[in-house]
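In: sequence and predicted structure below; questions after.
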Amino acid sequence: QVQLVESGGGLVQTGASLRLSCAVSGTLSNYVMGWLRQAPGKEREFVGTISRNGRNTHIVGSMKGRFTISKDNANNTMNLQMNGLKPEDTAVYYCVAGEARAPDYMTVRERDYEYWGQGTQVTVSP
């Protein structure tokens, strides 16, 4: 059973940056990884995904150009660098992992991710 533990959330002002990390108990290179978020009263949405080999990444929608996803397979850690934060980025951010597929495979389908972290709160004040 893979365990995922997020860290790095907090309260920041508009325009600030935060770096979220996800520590993985298993071998990170075995999993396609991603971040999702859920804001109060809103549906959960995908933030980004990164392939097993770390060579392919995809950030969704309005977060593109502000957020960057990366992974450090040697240290079993995935990161989400968030710059230019806005109040609408306020949400609980979840780290997710999916069982091994092709090394360059990435996906924004929730059903492809079997393992979830507990989430970390990010709050951006106006």
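Out: Perfect, thanks for sending it. Numbering: from 1, shown residues only.
In: name the SS class of the closest residue to residue 7 other than its chain neighbours, please.
Out: Nearest non-adjacent residue to residue 7, counting by C-beta to C-beta, 6 or more residues apart in numbering: residue 21, 5.1 Å away. Any C-beta I mention is one placed from the backbone N, CA and C, and that applies to glycine too. Look at residue 21: counting by DSSP: H, G, I helix; E, B strand; the rest coil, its state is strand.
In: beta partners of residue 21?
Out: For residue 21, the beta-bridge partners under DSSP bridges are residue 7, residue 79.
In: so who does it touch?
Out: Contact analysis of residue 21 by C-beta atoms under 8 Å, 6 or more residues apart in numbering lists 6-8, 77-80.
In: for residue 56, same thing?
Out: Here residue 56 is in contact with 50, 104-106 (criterion: C-beta under 8 Å, 6+ apart).
In: next one: residue 59
Out: Counting by C-beta under 8 Å, 6+ apart, residue 59 touches 47-48, 65, 67-69.
In: tell me what it is bridged to.
Out: Beta-bridge partners, per DSSP bridges, of residue 59: residue 48.
In: use 5 as the first number for this chain going forward.
Out: Sure thing, new numbering starts at 5, so read that last one as residue 63.
In: now do it against residue 108, distance only.
Out: Residue 63 sits 17 Å away from residue 108, going by C-beta to C-beta, to the nearest Å.
In: please apply the same query to residue 83.
Out: Distance from residue 83 to residue 108, counting by C-beta to C-beta: 19 Å.
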